[in-house]
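Student: Mind looking at a prediction? Sequence and model below.
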Amino acid sequence: MNVPDIMKEKMCFSFEVYPPKEDKPLEPLLDTLEHLYKLNPDFVSCTYGAGGTNAGRNTEICKAIKDSGKSIPVTHFTCIGNHKEKIKEELQRYLELGIDHILALRGDLPKGWEGTRGDFDYANELVEYIKTYFPEFIIAVAGNPEKHFQATSFDADITHLRIKQDVGADFIMTQLCHDVDHYQWWVERIRKAGIYLPIDVGVMPVLLKDPTIRMAVSNGSAVPRDLAEIIGRYGDNAEDFKKAGKEYTVKQIFKFINAGIDGLHIYSLNKWKDVSDIVLDCGIRIVNK
Ligand code: FAD
């Protein structure tokens, strides 16, 4: 079954992992994956370094997920510095390995870059290319409930999302958004704009103070008052911060589920233990701790 079909039947549940650097062993992540599989994720996505950095490790990890037979691999893929011939080769390779789900992204422009320095300027062009030459792929695209930080307006950003749908995207995976009320407002807006694709909501677990602040700020995401209080109150004590952050994340997941979502995608940060605690506390999956 593919991911959009799963979403038609139930709330899809998935994790994101990131591959190790080229000079590091794969085993720790393979072990992490074994722990994550116990939570029965419908799919596991693997990030792709913009510009193809670490692309080899991405393929190895996606292949390992596929070969495990325990979940569907979804590869991330970006346009940055990528030319059609290389893109074609990489897409063919994924299909040869049985990896047929792809999150088609532009990627973040490295500092000082004006454009992608590749054959595609925006994700919609990559989606169209994949749909035309590799129609076997199920294509996910990024959605930004708080607006992409470079978009000139919400309307412009929503129009660009609509274009990705119109050229062949199959579902949306969202950027982190701590503010669930705002998320619901955005869903209403995109539905009014004729975007009907199912939405897989990305949740970033709150585990460490600095990355929590950095990831929100770098994406132009708001830090709601209750999260700001956790940062203020427990920011100097890593253990207390993590405890409060995990409780916050569980509540956050409940709020999203109550809002009615097609899928829940947890950015695992490769931390299976903390993420398993969160998932089990939510009651989404049952497994012996
Ligand atoms: P686009 O859809 O191309 O949008 C980029 C900007 O251009 C937006 O402001 C948009 O409004 C505007 N725009 C879009 N189309 C047009 C157009 N036709 N004309 C004019 N303006 C346009 N990055 C990585 O490098 N590796 C990863 O593995 C990765 N994984 C991610 C996973 C998720 C779930 C998400 C949400 C993001 C991920 N990213 C990753 C980050 C992503 O690459 C960045 O957010 C990037 O800046 C934008 O990518 P995009 O696909 O949304 O781009």
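Tutor: Received the coordinates, thanks.
Student: and the helix or strand containing Y129, what other elements does it pack with?
Tutor: Y129 is part of helix 123-133, with elements assigned from DSSP states H and E. Packed against helix 123-133 by the contact rule (3 or more C-beta pairs under 8 Å, 6 or more residues apart in numbering; DSSP states H and E) you find helix 84-96, strand 101-105, strand 138-143, helix 154-166. (Glycine included, C-beta is placed from N, CA and C.)
Student: what comes into contact with that helix?
Tutor: With C-beta atoms under 8 Å, 6 or more residues apart in numbering as the contact definition, helix 123-133 has outside contacts at 77, 79, 84, 87-88, 91, 102, 104-106, 119-120, 137, 139, 141-142, 160, 163-164, 167-169.
Student: Buried only: go through those residues for me.
Tutor: 77, 79, 87, 91, 102, 104-106, 119-120, 137, 139, 141-142, 160, 163-164, 167-169 (16 or more other C-beta atoms under 10 Å).
Student: Return only those of those found close to the ligand.
Tutor: Judged by C-beta under 6 Å from any ligand atom, the overlap between these and the neighbourhood of the ligand comprises 105-106, 142, 160, 163.
Student: Up against the ligand, what does the chain have?
Tutor: Within reach of the ligand by C-beta under 6 Å from any ligand atom, the chain has these residues: 47-48, 50, 76, 78, 103, 105-108, 122-124, 142, 148, 150-151, 156-157, 160, 163, 173-175, 202.
Student: Of these, grab the buried ones for PyMOL.
Tutor: Selection of buried members from these for PyMOL, criterion 16+ other C-beta under 10 Å:
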select buried, resi 47+48+50+76+78+103+105+106+107+123+124+142+148+151+157+160+163+173+174+175+202
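Student: hmm, back to that, looking at the helices and strands packed on helix 123-133, which is nearest to R225?
Tutor: The closest approach between R225 and any of these, judged by C-beta to C-beta, belongs to helix 154-166 at 22.4 Å.
Student: For the closest one, which helices and strands make contact with it?
Tutor: The contact analysis (3+ C-beta pairs under 8 Å, 6+ apart) places helix 154-166 against helix 123-133, strand 138-143, helix 180-192.
Student: What average pLDDT does it get?
Tutor: Averaged across helix 154-166, pLDDT comes to 98.
Student: try stretch 225-241
Tutor: Per-residue pLDDT values over stretch 225-241 give a mean of 97.
Student: Mind listing what's buried along that stretch?
Tutor: For stretch 225-241, a neighbour-count test (16+ other C-beta under 10 Å) marks 227, 230-231, 234, 241 as buried.
Student: Ok, stretch 277-286 next?
Tutor: Of the residues in stretch 277-286, 277-280, 282, 284 count as buried by neighbour count, 16+ other C-beta under 10 Å.
Student: low-scoring stretches of the stretch 51-200 of the chain, by residue?
Tutor: Across the stretch 51-200 of the chain, residues meeting the criterion (pLDDT under 70) sit at 52.
Student: mind redoing it with 90?
Tutor: Per-residue confidence of the stretch 51-200 of the chain (counting by pLDDT under 90) places the weak regions at 51-56, 109-114.
Student: Give the helix, strand or coil label for L269.
Tutor: With DSSP: H, G, I helix; E, B strand; the rest coil as the basis, L269 sits in coil.
Student: picking up where we left off before, any chance of the ones next to the ligand among the buried ones among the contacts of helix 123-133 in TSV, with distance to C12 too?
Tutor: Rendered in TSV, the data for those read as follows (distance: C-beta to C-beta, whole Å):
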residue	distance to C12
L105	19
R106	24
A142	16
H160	24
I163	24
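Student: of those residues, closest to F256?
Tutor: Looking across those and measuring by C-beta to C-beta, the closest to F256 is A142, at 17.3 Å.
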